[in-house]
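> what's the 3D shape of this:
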Amino acid sequence: MNYLLTDKLDFKFFLGELMVTQEDLKNKIKKLIMDNKILLITSVLLVISILFYLPNLVNNEESEPLSIEVTEQEIQSTENVKDPETDKDITQELKEKKIISEKKKSDQITNPIPKNKPLPPKKLKTKKDTIYNVSSPTETLMLLHSTLQKISKSKITYQEAENIISQTYDAEKMLELIVGETFKKTENKTKVILKKVFEEFITKNYIRRFNSIESLEFGEFKVNEISKIFKMVETKLIINNEKFPLTYLLNKKKKSWRVFDVLIDNSISEIATKKSEFRNFINKGRVEPLIEALRKKNSKLLNN
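Model (predicted):
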């Protein structure tokens, strides 16, 4: 009996102590949780941050293009080495990658991305005709004579010669004297066309006459004043040491002096000669037939 009673008491004591131990354990766990509450919250926030930023980091890494730049050392280190999968020469592949890399760099330099709207293409500048100073009769004739000497030596282009003829000759006044009243009544647009083909006619005649002369020189100028706007200049044309008297009639137009008639041997007037030649092409007050006739002559003058 005593033995059994003792055993019961021991068992009750054991249960009580066990219960106390469990209760203490719960309290300790609660205390531990409360003490580490801050650590737990920090851990949870860290996990959330990782889950939120991880996809963005992966996307950024995927979006960055792989570099294909290859150095010379890499190429040299792979000489005579083949790729085991493709059985291709690795050196050749690296060289191709280097070429592609250099081409992309070149394209970026030559074709930069414009920051603003592209500028319109610049207009090509065309060469303008030279404007010469012909403010005196002698300056006009010196320019004309130097041009004729260049023609004889083939040291001038047709365009340059025509430009100088247009600045040393008063083609409009010449046409007034040759054509007469018909020219004065002609529309300005048609006058411009006739003046242009007539200047071409003068230029091509000079080229045809002087381009085969071996020795061409001119004498001194003797200026005779007829009026404030008209002057006559006498000189000599010297071809292969043979001298011919030459007389120019000039008039002042604005600030420049221009030739409107030339007399050879003091007798043959250029105006009189052209008036006789053009008479048949001026019909019923119209200059269009003369324009067509001059165009035909111009097309053949330098072909003979």
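
> quick one: the strands in this structure?
In order along the chain, the chain carries the following strands (DSSP state E): 216-218, 222-225, 230-239, 242-253, 256-264, 268-269.

> Contacts for the longest one next, please.
When contacts are taken as CB atoms under 8 Å, 6 or more residues apart in numbering, the neighbours of strand 242-253 outside the stretch itself are 137, 140-141, 170, 173, 218-219, 228-238, 257-266. (C-beta placed from N, C-alpha, C; glycine too.)

> For this protein, which residues score under the pLDDT cut-off?
When the per-residue scores of the chain are filtered using pLDDT under 70, the ranges that remain are 1-26, 28-40, 42-44, 47, 49, 51-128, 304.

> Which residue ranges make up each domain of it?
Under automatic domain parsing, the residue ranges defining each domain of the chain are 72-108, 137-301.

> hey, which of the ones you listed is tucked in deepest?
The highest mean neighbour count among the domains of the chain, using mean count of other CB atoms under 10 Å, belongs to domain 137-301: a mean of 16.

> Now do that one: distance from first to last residue.
Across its full length, domain 137-301 reaches 29 Å between end residues, using CA to CA, to the nearest Å.

> can you pull out the helices in the chain?
Ranges of helices in the chain, per DSSP state H, are 2-35, 37-63, 72-77, 90-110, 137-152, 158-168, 171-179, 181-185, 188-210, 270-278, 288-301.

> how near is residue 230 to residue 224?
Computed as CB to CB, to the nearest Å, the residue 230 to residue 224 distance reads 10 Å.

> What of residue 261?
To residue 224, residue 261 is 14 Å away according to CB to CB.

> Could you check how far residue 253 is from residue 151?
From residue 253 across to residue 151, the span is 24 Å (CB to CB).

> actually residue 207, not the one I typed
From residue 207 across to residue 151, the span is 6 Å (CB to CB).

> what touches both of those two?
Overlap of the contact sets of residue 207 and residue 151 (by CB under 8 Å, 6+ apart) consists of residue 161.

> Am I right that residue 169 is in contact with residue 199?
Yes. Applying CB atoms under 8 Å as the test, residue 169 and residue 199 come out as touching, 7.0 Å apart.

> Any chance of the backbone angles for the closest residue to residue 138 other than its chain neighbours?
Leaving aside its sequence neighbours, residue 138 sits nearest to residue 221 (CB to CB, 6 or more residues apart in numbering; 5.2 Å). Here the main-chain torsion angles of residue 221 (degrees, to the nearest 10) amount to phi -90, psi 140.

> How about residue 136?
Here is the backbone geometry of residue 136 (degrees, to the nearest 10): phi -140, psi 160.

> Look at it and say how many residues are nearby.
Residue 136 is surrounded by 15 other residues when neighbours are defined as other CB atoms under 10 Å.

> distance of residue 140 from residue 195?
The separation that residue 140 has from residue 195, given CB to CB, amounts to 18 Å.

> Revised request: answer the last question for residue 298.
Counting by CB to CB, the gap between residue 298 and residue 195 amounts to 13 Å.

> And residue 41, by the same measure?
The value you get for residue 41 to residue 195, if CB to CB is used, is 100 Å.

> before we move on, what about residue 222?
Counting by CB to CB, the gap between residue 222 and residue 195 amounts to 30 Å.

> Can you tell me what sits against stretch 257-276?
Contacts to stretch 257-276, defined as CB under 8 Å, 6+ apart, come from residues 134-137, 139-141, 144, 167-170, 173-174, 177-178, 231, 237, 244-251.

> try 7 Å this time
Residues lying outside stretch 257-276 but in contact with it, judged by CB atoms under 7 Å, 6 or more residues apart in numbering, are 134, 136-137, 140, 168-170, 173-174, 177-178, 244-251.

> next one: stretch 207-215
Residues from elsewhere that reach stretch 207-215 (CB under 7 Å, 6+ apart): 148, 151-152, 154, 161, 216, 239-241, 301-302.

> Distance to residue 287 added to those, as CSV?
Below are these laid out as CSV (distance: CB to CB, whole Å):
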residue, distance to residue 287
148, 29
151, 29
152, 33
154, 34
161, 25
216, 34
239, 34
240, 39
241, 42
301, 20
302, 24
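
> For residue 182, state which of the residues you listed is nearest.
Checking the contacts of stretch 207-215 against residue 182 with CB to CB, the nearest one is residue 301 at 24.3 Å.

> show me what contacts the residue nearest to the closest one when sequence neighbours are not counted?
Counting by CB to CB, 6+ apart, the nearest residue to residue 301 once its immediate chain neighbours are dropped is residue 204, at 4.1 Å. Listed by CB under 7 Å, 6+ apart, the contact partners of residue 204 are 298, 301-302.
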